[in-house]
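Asks: Model the following, please.
(chains A and B)
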2 protein chains.
Amino acid sequence: MRLGIDVGGTKTAAVVLDDNDVAVEELTRPTGYGRDQVLASVLETSAELAQRVGLTPDRFASIGIGIPGAVNAQIGRVEHAVNLGLDRFDLGSEAAARLGTRVSVENDVNAAAVGAYRYVATTGGDTSLGTDGLAYLNLGTGLAAGIVLDGHLRRGSSGVAGEIGHIPVDSGGVICSCGQRGCLETVASGSAIARQWPTTGTSPVHDMMAAAAAGDPVAGRIRALLFEGVATAVRILTLSVDVRTVVLGGGVTSLGEPLLSGVDAVLNEWAEASPFIASLRLGERIRVIPRTHPVAAVGAALIGVSNSV
Amino acid sequence: MRLGIDVGGTKTAAVVLDDNDVAVEELTRPTGYGRDQVLASVLETSAELAQRVGLTPDRFASIGIGIPGAVNAQIGRVEHAVNLGLDRFDLGSEAAARLGTRVSVENDVNAAAVGAYRYVATTGGDTSLGTDGLAYLNLGTGLAAGIVLDGHLRRGSSGVAGEIGHIPVDSGGVICSCGQRGCLETVASGSAIARQWPTTGTSPVHDMMAAAAAGDPVAGRIRALLFEGVATAVRILTLSVDVRTVVLGGGVTSLGEPLLSGVDAVLNEWAEASPFIASLRLGERIRVIPRTHPVAAVGAALIGVSNSV
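Replies: Residues are numbered from 1 along each chain as shown, chains lettered A, B, ... in the order given. This next block holds a predicted model:
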């Protein structure tokens, strides 16, 4: 059996896969902050799930961890994970030493891409996906994609494959955290909405959408930028890697149908102006996976085997 | 032995590879226009090169043809090649019937990508290229890239992988031939320069550069857009597929050093503003292949084997 752990900024989700890659146990718990608490989350999650399936953690064939940040997957190091307070932390070897089995670490969006690929390949009934490729487009605090081609995760030559959130799209836009101006992430992400629509509520994204629906022109403008930004991401993924499927994920997708129909309207408008864009059938490439499915944890578990330290 | 033919808008270049993939014969001749003349070019080129190596055309193990346009490589059909006056032309089967051997047809930029990959892999001495990937960025009449990952050409799920020329970069730009506004191709391509700097000379690109060097402010502005556009293409290719190497090719690269240093200056400016961009070392990814090397013809010959009809 294999364990996959998705260490998120606020909560940790984990899943145990049996020898047929079927999920047999899952849990969700709060994530701590900093090295000690993140490591403790991983150890406690492993112990809890091992117990539930009648094992000790060292009996897992592998443990894979997905984490939001820059990861050196080859050596299991978290280079930076700002939201978790981690910097150059050898999470893979630290956890492996304590758990007594192989532990791999991967960027959470990449892990989710692998999990999404497995979900679509096993539930979509489309065998051509193997060669045609899939991108998991994460609309979370930031915007980034993970890319799976021929069934394999593509990190690229320097680990930035799919980092399309840092392609500038608005020369008159704001300065991005990366130092560039008008990056896609500055208009189409959770942080972009929170910056433009500060609120005392729990969700700037939902508050902005409610205000836009009620006719607030500023919220309407922010909403339009969001829809156009997501559509732009799909267009960029198509005109660069030409993936057949773009799975939308991340917190912003909790908007559900209004997000999908808004993006679809932008794509239709583009298709009307351009026969070329129409021929790409961008809207038909978009898929959403049920938010209850722990896609990053499953992906982390699947990566564990091939990529352990 | 294998034959590769690069059918360009004005000239056709061809190369014979021996059984070790070494070029043993080459020729260049004018290309005709329309079905009959394009087919005649292919037949005459094949006959001429076969004779030079002491064979008849049917003795080539395969013949590969690269052509500027939309190609269905699986069935050897040229769907559209505007500059050659072709529309839904089964060039592969027509040529195969007359030449008596397997003939494949591929988009010329894709063919050039395969040829460039071979050139870099055999002359660059860098074995890691195999997995790290290469893009051939064609700056010709249009702008498009061919992508090679793991040594294999990536056409994508619908054949548009690398068509980054149709990613809009300027919301206030002109309408592109594809129907969108401000596509990358409308600022960084031969046709973009010709539109902005019409000239009675033979080369708008060279004329524009000369005028810019002499201080003409309009030409200077066009030149700046060209440099920024090429740099943008390299950034997009890195932040999507993250190829290690971007080989520049196509007519615009006849500008040579002034183009390269202009693009480099843009990349350096970006790197100064953004530690993230600096970390990508975009300038170090750029390579140029000698223009005398028939990269598309070699690529067409190499594709011939695996992809014949």
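Asks: Isn't residue A:204 up against residue A:198?
Replies: Yes. Taking contacts as CB atoms under 8 Å, residue A:204 lies within contact range of residue A:198: 6.8 Å. C-beta coordinates here come from the backbone N, C-alpha and C atoms, glycine included.
Asks: neighbour-wise, which of the two wins?
Replies: Taking neighbours as other CB atoms under 10 Å in any protein chain shown, residue A:204 and residue A:198 compare with residue A:204 leading, 20 against 10.
Asks: The nearest residue to that one once chain neighbours are set aside - how many residues pack around it?
Replies: Computed as CB to CB, 6 or more residues apart in numbering or on different chains, the closest residue to residue A:204 that is not its neighbour in sequence is residue A:194, at 4.2 Å. By other CB under 10 Å, 16 other residues sit near residue A:194.
Asks: any idea how far residue A:194 lies from residue A:201?
Replies: 11 Å (CB to CB, to the nearest Å).
Asks: ditto for residue A:90
Replies: Residue A:90 is 39 Å from residue A:201, by CB to CB.
Asks: more neighbours, these two?
Replies: residue A:90 (17 against 11).
Asks: Would you mind listing what in the stretch 1-150 of chain A touches chain B?
Replies: By CB under 8 Å from any CB of the partner chain, the residues of the stretch 1-150 of chain A that approach chain B are A:132-133, A:147, A:149.
Asks: let's see it at 10 Å
Replies: Proximity of the stretch 1-150 of chain A to chain B, by CB under 10 Å from any CB of the partner chain, involves residues A:70, A:128-129, A:131-135, A:144-145, A:147, A:149-150.
Asks: Next, the residue nearest to residue A:48 when sequence neighbours are not counted: secondary structure please.
Replies: Using CB to CB, 6+ apart and skipping the chain neighbours, the partner closest in space to residue A:48 is residue A:27 (6.3 Å). Following DSSP: H, G, I helix; E, B strand; the rest coil, the label given to residue A:27 is strand.
Asks: do residue A:159 as well
Replies: Under three-state DSSP, the three-state class of residue A:159 is coil.
Asks: contacting residues for it?
Replies: A:70-74, A:79, A:107, A:110, B:242, B:279 (CB atoms under 10 Å, 6 or more residues apart in numbering or on different chains).
Asks: List buried residues within those.
Replies: Neighbour-count burial (16 or more other CB atoms under 10 Å in any protein chain shown) applied to the contacts of residue A:159 gives A:70-73, A:107, A:110, B:242.
Asks: Could you report the pLDDT at the residue in the stretch 201-309 of chain A positioned nearest to chain B?
Replies: Going by CB to the nearest CB, chain B is nearest to residue A:242 of the stretch 201-309 of chain A, at 2.3 Å. Note on residue A:242: pLDDT of 97.
Asks: Check residue A:132 too.
Replies: The model's pLDDT for residue A:132 equals 87.
Asks: Check whether it really touches residue B:157, as I assumed.
Replies: Yes. Checked against CB atoms under 10 Å, the pair residue A:132 and residue B:157 is within contact range at 3.8 Å.
Asks: Can you tell me the SS state at the residue most central in space within chain A?
Replies: The centroid of chain A falls nearest to residue A:109 when counting by CA atoms, centre = their mean (3.3 Å). Under three-state DSSP, residue A:109 falls in the helix class.
Asks: residues touching it, list them.
Replies: Contacts of residue A:109 (CB under 10 Å, 6+ apart): A:66, A:68, A:135-138, A:140, A:142-147, A:162-163, A:165, A:249-250, A:296, A:299.
Asks: cool, residue A:101 as well?
Replies: A:2-3, A:46, A:50, A:56-63, A:95, A:304, A:308.
Asks: got it, and residue A:39?
Replies: Going by CB under 10 Å, 6+ apart, residue A:39 touches A:7, A:32, A:86, A:89, A:91, A:94-95, A:98.
Asks: give me the element it is part of.
Replies: Taking DSSP states H and E as the definition, residue A:39 sits inside helix A:34-52.
Asks: Flag every buried residue along the next helix or strand after that helix.
Replies: The C-terminal neighbour of helix A:34-52 among helices and strands, as given by DSSP H and E, is strand A:62-67. Applying a neighbour-count criterion of 16+ other CB under 10 Å, one finds A:62-67 buried in strand A:62-67.
Asks: Strand partners (parallel or antiparallel) of strand A:62-67?
Replies: Here strand A:62-67 has these sheet partners by DSSP bridges: strand A:2-7 (parallel), strand A:103-107 (parallel).
Asks: neighbouring strands for the next helix or strand after it, and are they parallel or not?
Replies: Counting by DSSP H and E, the next helix or strand C-terminal to strand A:62-67 is strand A:70-72. Partner strands and pairing direction for strand A:70-72 (DSSP bridges) are strand A:77-81 (antiparallel).
Asks: Can you mark which positions in the partner strand are buried?
Replies: Quick answer for strand A:77-81 (16+ other CB under 10 Å): A:77-78, A:81.
Asks: Rebuild the residues you listed as JSON lines, extending it with pLDDT.
Replies: Output for the buried residues of strand A:77-81, formatted as JSON lines (pLDDT from 0 to 100):
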{"residue": "A:77", "pLDDT": "96"}
{"residue": "A:78", "pLDDT": "96"}
{"residue": "A:81", "pLDDT": "91"}
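Asks: buried ones in the lengthiest helix in chain A?
Replies: In chain A, with assignment by DSSP state H, the single longest helix is helix A:217-240. Counting neighbours by 16+ other CB under 10 Å, one finds that the buried residues in helix A:217-240 are A:219, A:222-223, A:225-240.
Asks: could I get that helix in CSV with only the CA atoms?
Replies: The C-alpha trace of helix A:217-240 is given here as CSV (Å, rounded to 0.1, in the frame of the first residue of the first chain):
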residue,chain,number,x,y,z
PRO,A,217,-19.5,47.7,-11.6
VAL,A,218,-16.1,47.4,-9.9
ALA,A,219,-16.8,43.8,-8.9
GLY,A,220,-18.1,43.2,-12.4
ARG,A,221,-14.8,44.4,-13.9
ILE,A,222,-12.8,42.1,-11.5
ARG,A,223,-15.0,39.2,-12.5
ALA,A,224,-14.5,39.9,-16.2
LEU,A,225,-10.8,39.9,-15.7
LEU,A,226,-11.0,36.6,-13.8
PHE,A,227,-13.0,34.9,-16.5
GLU,A,228,-10.8,36.3,-19.3
GLY,A,229,-7.6,35.3,-17.4
VAL,A,230,-8.8,31.7,-17.0
ALA,A,231,-9.7,31.6,-20.6
THR,A,232,-6.3,33.0,-21.5
ALA,A,233,-4.6,30.2,-19.4
VAL,A,234,-6.5,27.6,-21.4
ARG,A,235,-5.5,29.3,-24.7
ILE,A,236,-1.8,29.5,-23.6
LEU,A,237,-1.8,25.8,-22.6
THR,A,238,-3.3,24.9,-25.9
LEU,A,239,-1.1,27.0,-28.1
SER,A,240,2.1,25.8,-26.4
